[in-house]
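In: Model the structure of this input:
(chains A and B)
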Amino acid sequence: MNPWIFVGLFFVVGLLIPVGAIGIAWLLGPKKPNPIKQSVYECGIETVGESWVQFKAQYYIFALVFLVFDVETVFLFPWAVKLGALGLFAVIEGIIFILILVAGLVYTWRKGMLEWA
Amino acid sequence: MSFWNDPLKVAADWLLGVFTAWGMPELAANILIGFLGVLILISILMVLDIGLVWVERKVVARFQDRIGPNRLGPFGLIQPFADIIKLMIKEDITPAGADKVVYNIAPMLSMMSVLILWAVVPLAPTILGVDLNIGVLYIIAAGAIGTLSIIMAGWASNNKYALIGAFRQVAVMISFEVPMLATLLIPTILAGSMGTAAIVEGQDIWYVLLAPLGALIFLVAAIAELGRAPFDLAEGESELVSGYNIEYSGMKFGMFYAGELLHAFTFGGFWAILFFGGYRFFGLEKVSPFLAIAVLLFKAFIGYWLIMWVRYTLLRIRIDHMLAFNWKFLTPLAFTLIMVTALMNALLSGTSTWLYVTGMFLSNILVAWVALEIARSYSRRERERIEGKRIVEVGH
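Out: Purely as a prediction, here's the structure:
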């Protein structure tokens, strides 16, 4: 049988358990909403302006750098699996690939993109 | 083959016989058996999770020189059940202006992202959810769902604290995923497989001896990924009150909380599986699969305890320090370590075991020492620069 069927079963059961727990709590708990109870929590102070505030562009840049690394490390996994069979030549090739990756990091660093300004 | 040697297969065969005797087609019967198996595993996990609430509260109390829960039952063991009843009968408040669909899905995804991790945990030589040949990548992918649930919770709550907490948490999680991916490459290189079962089987010598630095980096990245102190600035009680889950109440908050605890325990387990031999302990796993499960859980608890120890000992650090630590120190170090490990592995794999282990171990120590020396000399230069400036200012 295809092993991914079991992974699918894990997804289904893994979702059923929290849905069940939250569902039971929804059945048992009281439901008495009022505007003050539902207001946005800000330590007792009334909210000023929009709640969906603008965020720092820095987070976006870190996400970009992450994306580069994440995609490229995925390329490294097949290399790592077959390393024993491929020998020293493949190791050198992999090291060159990683050095190119690190060059990207050094570039980002030198550009000052890793500073929290 | 008896029940005590291979309980999973014996039970599955027996159930298959029963179901096919009822006239069920074999594929449907197999899927039903799989469903039951997964249900039992996840139910045991949820019970374990309830136990973890008690463990966490008791351990934090001891670290802080308190007694902790001790009223309900012996050693307060019934306390978490009382907590669950309380969470069950609490009113579930949805803040006005929240995105209701996303708001309700987020806690479920948070719990699910942890539970599905156990699909690839090899509990014993014969007891394993799925022997995926890309097990290590599956761990990362499941972790990404957890990240998604946090940004969903933070955004949907319609709350500034929650949104800022979610931004911070996601920045931290994606940043520390890079060194974590890099250290996951090391067991992959050493075992020649991405499957968790093959990684455990390959550990005739525990990988912590071959890659001690890798194990350490993995632990640090795992703690950051969990969002625990010293990397818990998404929660930041003193500034953001509670972070992304601030608007959640009742069982939905319970799901986030239980998910976090189980996540920490699961990563303790993965630490054991990847670097400390998983269920293997000097041939003990060959005696009985039940003993193997006990060994794995014991190792996972040691990892979990270590994560708790770090959490309750260290202070929270600032987000810029934390991201600088990741991108400027941990990531280059992890990539250097991969290169060194791959090279040493290729050079030494044909030689004797003793030379291999010593060479790998010493190369790791060397990398760690050089990295610390570079960091130390940089901070010394920086300190001298700042102090020199101050002396000039005072002189004027």
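In: which stretches of chain A have low pLDDT?
Out: Counting by pLDDT under 70, chain A shows low-confidence ranges at A:1, A:44, A:49, A:117.
In: Helices along that one, start to end?
Out: A:3-28, A:35-38, A:57-81, A:83-86, A:88-110 (DSSP state H).
In: Now the ones you listed in TSV, please, with extra columns for mean neighbour count and distance to residue B:254.
Out: Yep, even glycine has a C-beta here, placed from its N, CA and C like the rest. Shown next, in TSV, are those (neighbours: other CB atoms under 10 Å in any protein chain shown; distance: least, CB to CB, whole Å):
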stretch	mean neighbour count	distance to residue B:254
helix A:3-28	18	7
helix A:35-38	10	19
helix A:57-81	16	29
helix A:83-86	15	44
helix A:88-110	15	40
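In: for the ones you listed, which one sits closest to chain B?
Out: Of all those, it is helix A:3-28 that lies closest to chain B, at 3.4 Å by CB to the nearest CB.
In: For that closest one, which helices and strands make contact with it?
Out: Using 3 or more CB pairs under 8 Å, 6 or more residues apart in numbering or on different chains; DSSP states H and E, the elements in contact with helix A:3-28 are helix B:26-63, helix B:79-88, helix B:100-115, helix B:250-275.
In: Format these as CSV; extra columns: mean neighbour count.
Out: CSV is the format used below for those (neighbours: other CB atoms under 10 Å in any protein chain shown):
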stretch, mean neighbour count
helix B:26-63, 17
helix B:79-88, 17
helix B:100-115, 22
helix B:250-275, 24
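In: Let me have those in JSON lines, adding distance to chain A and mean pLDDT as columns.
Out: Formatted as JSON lines, these follow (distance: least, CB to the nearest CB, whole Å; pLDDT from 0 to 100):
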{"stretch": "helix B:26-63", "distance to chain A": "5", "mean pLDDT": "85"}
{"stretch": "helix B:79-88", "distance to chain A": "5", "mean pLDDT": "86"}
{"stretch": "helix B:100-115", "distance to chain A": "4", "mean pLDDT": "88"}
{"stretch": "helix B:250-275", "distance to chain A": "3", "mean pLDDT": "88"}
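In: got these as TSV, with distance to residue B:140 columns?
Out: Formatted as TSV, the helices and strands packed on helix A:3-28 follow (distance: least, CB to CB, whole Å):
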stretch	distance to residue B:140
helix B:26-63	20
helix B:79-88	30
helix B:100-115	11
helix B:250-275	11
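In: between those helices, which one is nearest to residue A:80?
Out: Residue A:80 sits nearest to helix B:250-275 of all the helices and strands packed on helix A:3-28, at 13.1 Å, using CB to CB.
In: Beyond that closest one, next helix or strand please.
Out: The helix or strand immediately downstream of helix B:250-275 is helix B:284-287, counting by DSSP states H and E.
In: Pull out the buried residues from that next one.
Out: Buried residues in helix B:284-287, counting neighbours by 16 or more other CB atoms under 10 Å in any protein chain shown, are found at residue B:285.
In: who does that helix touch, helix- and strand-wise?
Out: So helix B:284-287, by 3+ CB pairs under 8 Å, 6+ apart, packs with helix B:289-313.
In: Could you pull out the buried residues of the helix it packs on?
Out: B:289, B:292-297, B:299-301, B:303-304, B:307-308, B:310-312.
In: same question, stretch B:215-223
Out: B:215, B:216, B:217, B:218, B:219, B:220, B:221, B:222, B:223.
In: Of those, which belong to helices?
Out: Taking DSSP H, the ones among these that sit in helices are B:215, B:216, B:217, B:218, B:219, B:220, B:221, B:222, B:223.
In: give the contact list for the fourth one.
Out: Residue B:218 makes contacts with B:180, B:183, B:184, B:271, B:274, B:275, as judged by CB atoms under 8 Å, 6 or more residues apart in numbering or on different chains.
In: That one and chain A: what is the separation?
Out: Applying CB to the nearest CB, to the nearest Å, the value for residue B:218 to chain A is 14 Å.
In: again with the fifth one
Out: With distances defined as CB to the nearest CB, the gap from residue B:219 to chain A amounts to 19 Å.
In: so what's that residue up against?
Out: Applying CB under 8 Å, 6+ apart, the residues contacting residue B:219 are B:271, B:303, B:306, B:307.
In: sorry, back to before: between the buried residues of stretch B:215-223, which sits nearest chain A?
Out: residue B:221 (12.7 Å).
In: helix, strand or coil for the nearest residue to that closest one once chain neighbours are set aside?
Out: Closest residue in space to residue B:221, ignoring its immediate chain neighbours: residue B:180 at 3.8 Å, by CB to CB, 6 or more residues apart in numbering or on different chains. State at residue B:180, reduced to three classes by DSSP: H, G, I helix; E, B strand; the rest coil: helix.
In: Just the buried positions in whichever strand or helix holds residue B:18, please.
Out: In the assignment (DSSP H and E), residue B:18 maps to helix B:7-21. Under the neighbour-count criterion of 16+ other CB under 10 Å, helix B:7-21 has B:7, B:12, B:15, B:16, B:19 buried.
In: Now do the contacts for the last one.
Out: Okay, so that is residue B:19. B:28, B:29, B:32, B:33.
In: Excluding sequence neighbours, find me the nearest residue to the second one.
Out: This points to residue B:29. In this structure, residue B:29 finds its nearest non-sequential neighbour in residue B:19, 3.8 Å apart by CB to CB, 6+ apart.
In: okay if I get the contacts of residue B:19 as JSON lines plus distance to residue B:57?
Out: Converted to JSON lines, the contacts of residue B:19 look like this (distance: CB to CB, whole Å):
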{"residue": "B:28", "distance to residue B:57": "44"}
{"residue": "B:29", "distance to residue B:57": "43"}
{"residue": "B:32", "distance to residue B:57": "38"}
{"residue": "B:33", "distance to residue B:57": "37"}
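In: Let me know the closest of those to residue B:52.
Out: Of all the contacts of residue B:19, residue B:33 has the smallest distance to residue B:52: 28.5 Å, by CB to CB.
In: Quick check: the gap between that closest one and residue A:6.
Out: Residue B:33 sits 10 Å away from residue A:6, taking CB to CB, to the nearest Å as the criterion.
In: How about residue B:5?
Out: From residue B:5 to residue A:6 the distance is 22 Å (CB to CB).
In: What of residue B:178?
Out: Counting by CB to CB - residue B:178 and residue A:6 are separated by 30 Å.
In: quick one: contacts for residue A:105?
Out: Applying CB under 8 Å, 6+ apart, the residues near residue A:105 are A:65, A:69, B:327, B:331, B:332.
In: what's the farthest-apart pair in the residues you listed?
Out: Of all pairs drawn from the contacts of residue A:105, the greatest distance, 12.9 Å, lies between A:65 and B:332 (CB to CB).
In: and stretch B:192-200 with chain A, contact?
Out: Yes - under the criterion of CB under 8 Å from any CB of the partner chain, chain A is reached by stretch B:192-200 at B:192, B:193, B:194.
In: And the average pLDDT for that stretch is what?
Out: Computed over stretch B:192-200, the mean pLDDT rounds to 84.
In: Look at that stretch and report the distance between its end residues.
Out: By CA to CA, to the nearest Å, the extent of stretch B:192-200 from end to end equals 11 Å.
In: For that stretch, give me every contacting residue.
Out: Residues contacting stretch B:192-200 (CB under 8 Å, 6+ apart): A:77, A:80-85, B:120-122, B:128, B:131-137, B:187-188, B:191, B:202, B:207, B:273-274, B:277-280.
In: Is chain A within reach of the helix or strand containing residue B:386?
Out: Using DSSP H and E, residue B:386 maps to helix B:353-395. No - on the criterion CB under 8 Å from any CB, helix B:353-395 is out of touch with chain A, staying 12.9 Å away.
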